[in-house]
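> give me a 3D structure for the following:
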Amino acid sequence: MVALLRILIALGLFKGLWELLSSGRTSLISSKSNCNEDFLMFNKNLNIPKYKLRNLKRARKTLQRIIKDYFKEHPDFSIPRFATQGSYVSGTIVRNEQDLCDFDVGIYFFTKPHVKYETIQNHVKRALNGHTTAGIILMSKCIRLKYRGDFHIDMPIYYTLDGKQFFLGSKGKDWEVCDSKHFKDWVKKNTQNSLQAVRVVRYFKAWADRYRSNKKIKMPSGLVFTIWVIQYYQPNKRDDVAFVHTAARILKYLKDHFQSSWSCNMPVAPFDNVLDKLNTDQQANFYKALEEVVKAGTEALGKEDKASAQRIWKGVFGKRFGKEN
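Here you go, the predicted model:
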């Protein structure tokens, strides 16, 4: 797969497609293909239902109580506090086609732990054992609680001494400077004048989830798409055009830096490369997937009737596209 893509790039067989699109030229865009209203409806369909938000709030309240009670019985630790973070507070959260979604709730200790991060992880797991029927998973940077058929909650662990500088627990690294609030602020600052940019992030996350499910391949995380969309965002009065032009700019970046230097670095501390979870073959698969969606989107934008464009977009995004719930 990787070797084939290198040959195709070297031969220049895909040359010009993303340069044309990312340049903002509109000669290939038909006014009759306008699916902006369908995209806006799709954006609404990605929202979390009210009943699920109520379930989440109840689950979060219960988790906090259980964890606090546990650490009250372990005086070697301070009693932690909690804060919702991630895509929910950034406004980019989506639910997938299976009506599942994920939330992030940080656990914050206000004294430096005297034990390794993994030890605290195990304490939290011990406190929550049996709480959910779907189980608990210890991830590299969080604890994941799965709620069957509903959502899962990721709980990263932090500590701070002064309430200003925060350290995130991570397997193999123990503690590193990191504060999710800084990333939330970065997202808000860079999208405050464009609700469309937030919607485009959501479209990418929904597309990646559908592609991952259908093709059974690993795709970049929602965090990667959030950063890349903000960095390469191309505004337009139509959401369908903004999505394709933004995808084309990301594809151009990947083409210009083919694999040897692909990265997606956090714009705030710890400034790590959050694309490194994909190995070389997985990155190549993503390259192909992004190329496919740019080609499909280009075809849709050029259609001389809306129905034809809608059929293409429904193939990209699935049954929820353009459908009123």
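> output the below-cut-off pLDDT ranges for this protein.
1-27, 259-260, 323-325 (pLDDT under 70).
> for it, what spans make up the helices?
Listed in chain order, the helices of the chain (DSSP state H) span residues 2-11, 17-22, 36-45, 50-72, 87-90, 117-128, 180-191, 195-215, 222-232, 239-256, 280-301, 306-317.
> any buried residues in the longest one, and which?
Right, helix 50-72. When burial is assessed from 16 or more other C-beta atoms under 10 Å, helix 50-72 yields the following buried residues: 52, 56, 59-60, 63, 67, 70-71. Where C-beta positions appear, they are placed from N, C-alpha and C, glycine not excepted.
> thinking again about what came up before, specify the stretch among the helices of the chain that is closest to Cys142.
Smallest distance to Cys142 across those (C-beta to C-beta): 8.7 Å, for helix 117-128.
> buried residues in the closest one?
For helix 117-128, the neighbour count (16+ other C-beta under 10 Å) marks 117, 120-121, 123-124, 127-128 as buried.
> about what we covered before: redo the helices of the chain as a markdown table? Include distance to Lys141.
Putting these into a markdown table (distance: least, C-beta to C-beta, whole Å) gives the following:
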| stretch | distance to Lys141 |
| --- | --- |
| helix 2-11 | 28 |
| helix 17-22 | 33 |
| helix 36-45 | 29 |
| helix 50-72 | 17 |
| helix 87-90 | 15 |
| helix 117-128 | 9 |
| helix 180-191 | 11 |
| helix 195-215 | 19 |
| helix 222-232 | 11 |
| helix 239-256 | 25 |
| helix 280-301 | 19 |
| helix 306-317 | 30 |
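> to Cys101, which of those helices lies closest?
Per C-beta to C-beta, nearest to Cys101 of these: helix 50-72, 7.1 Å.
> could you check the angle helix 117-128 makes with the closest one?
Using axes from the mean of the first three to the mean of the last three C-alpha atoms, to 10 degrees, the inter-axis angle of helix 50-72 relative to helix 117-128 is 110 degrees.
> look up how far Asp154 lies from the most centrally placed residue in the chain.
Relative to the mean C-alpha position of the chain, the nearest C-alpha, by C-alpha atoms, centre = their mean, is the one of Gly222, at 1.1 Å. Distance check for Gly222 against Asp154: by C-beta to C-beta, to the nearest Å, it reads 11 Å.
> then Lys319?
With the distance defined as C-beta to C-beta, Lys319 ends up 27 Å from Asp154.
> higher neighbour count, those two?
For Lys319 versus Asp154, neighbours defined as other C-beta atoms under 10 Å are more numerous around Asp154 (18 against 10).
> tell me the bridge partners for the more buried one.
Under the criterion DSSP bridges, Asp154 forms beta bridges with Asp104, Arg144.
> pretty sure it is touching Asp104, no?
Yes - checked against C-beta atoms under 8 Å, the pair Asp154 and Asp104 is within contact range at 4.9 Å.
> got any residues that touch both of these two?
Residues touching both Asp154 and Asp104 by C-beta atoms under 8 Å, 6 or more residues apart in numbering: 86, 142.
> grab the nearest non-local neighbour of Ala134.
Setting aside the residues directly before and after it, Ala134 is nearest to Lys146 in space (C-beta to C-beta, 6 or more residues apart in numbering), at 3.6 Å.
> and for Asp209?
Using C-beta to C-beta, 6+ apart, the closest residue to Asp209 is Asn96 (4.6 Å).
> likewise His182?
Counting by C-beta to C-beta, 6+ apart, the residue nearest His182 is Val268, at 4.1 Å.
> any idea how far Ser308 lies from Leu46?
24 Å.
> which one of those two has more residues nearby?
When Ser308 and Leu46 are compared on other C-beta under 10 Å, the one with more neighbours turns out to be Leu46, at 20 against 15.
> quick check, that one in contact with Glu97.
No - judged on C-beta under 8 Å, Leu46 makes no contact with Glu97 at a distance of 10.2 Å.
> overlap of the contact sets of these two?
Where contact means C-beta under 8 Å, 6+ apart, the residues bridging Leu46 and Glu97 through contact with each are Arg320.
> give the contact list for the closest residue to Ala242 other than its chain neighbours.
Counting by C-beta to C-beta, 6+ apart, Ala242 lies nearest to Asn236, which is 4.3 Å off, once chain neighbours are set aside. Contacts here follow C-beta under 8 Å, 6+ apart; on that basis Asn236 touches 196, 242, 245.
> that older thread, how deep is the residue nearest to His182 tucked in, by neighbour count?
As a burial measure, Val268 scores 16 neighbours (other C-beta under 10 Å).
> what does Glu304 give?
A count of nearby residues for Glu304, using other C-beta under 10 Å, gives 10.
> could you chop this structure up by domain?
The record, using automatic domain parsing to delimit domains, assigns the chain the ranges 2-46+184-317, 50-179.
> first vs last residue of the shortest one, how far apart are they?
Spelled out, it's domain 50-179. End-to-end span of domain 50-179 (C-alpha to C-alpha, to the nearest Å): 28 Å.
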